[in-house]
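Engineer: Sequence first, predicted coordinates after that:
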Amino acid sequence: MRDKINEALKDAVKAKDKVRVGTLRLINAAIKDRDIAGRTKGTDTVSDTEILEILAKMVKQRQESAVTYKDAGRAELAEQELKEIEVIKDFLPQQMDEEAVAEAVKEVVAEIDATSLKDMGRTMAALKAKYAGQMDFGAANKVVKELLQ
């Protein structure tokens, strides 16, 4: 995953695509930050799964920022955030639609024998482990609540 990001950065620099270069550098910085934090825990580098989590978090942050900027009348900043989201999404797996999310939740609930809302944490942890970067966990959370009530 790191190699793919670094290759894309080289290509963006050659193409003089400022938005893409800036966003890819932000991605690399976020990964390095996680690497540094991991060293205190005894791990040298983050895994591809953790990189997907970082990217998903970056998308969510930018979506929230875009809404904030739009509400404040700063359309140019909102547009910048949306462009960054598109660059980040190039490295994320295809997102699951609502139907696929519901099916995945039912499957995981059955796998771990979740029966009540007390199993919510276990269910969400299993979903995050199995579908990192592939699903909107906010939407999955709602489906899990409906199923476990």
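Structural biologist: Received, thanks. Numbering: from 1, shown residues only.

Engineer: use CA for all of it now, contacts and neighbours both
Structural biologist: OK.

Engineer: SS state for the residue nearest the centre of the chain?
Structural biologist: Nearest to the geometric centre of the chain sits residue 56, at 1.0 Å (CA atoms, centre = their mean). For residue 56, the secondary structure call by DSSP: H, G, I helix; E, B strand; the rest coil comes out as helix.

Engineer: Make 793 the starting number, not 1.
Structural biologist: With 793 as the first residue, the last one maps to residue 848.

Engineer: so is the closest residue in space to it that isn't next to it in sequence in a helix, a strand, or just coil?
Structural biologist: Spatially, and ignoring its direct neighbours in sequence, residue 848 is nearest to residue 925 (5.8 Å; CA to CA, 6 or more residues apart in numbering). Three-state call for residue 925 (three-state DSSP): coil.

Engineer: Distance of residue 822 relative to residue 847?
Structural biologist: According to CA to CA, to the nearest Å, residue 822 and residue 847 sit 9 Å apart.

Engineer: Pick out whichever of these two has more residues nearby.
Structural biologist: A count of neighbours by other CA atoms under 10 Å puts residue 847 above the other of residue 822 and residue 847, at 21 against 16.

Engineer: Could you measure from the more buried one over to residue 805?
Structural biologist: In this view, residue 847 and residue 805 are 20 Å apart by CA to CA.

Engineer: Let me see the domain layout of this protein.
Structural biologist: The chain is divided into the following domains under automatic domain parsing: 794-881, 890-940.

Engineer: Now do the last one, average pLDDT.
Structural biologist: Think domain 890-940. Per-residue pLDDT over domain 890-940 has a mean of 87.

Engineer: just to revisit the earlier point, contacting residues for the residue nearest to residue 848?
Structural biologist: 844-845, 847-848, 884-885, 887 (CA atoms under 8 Å, 6 or more residues apart in numbering).
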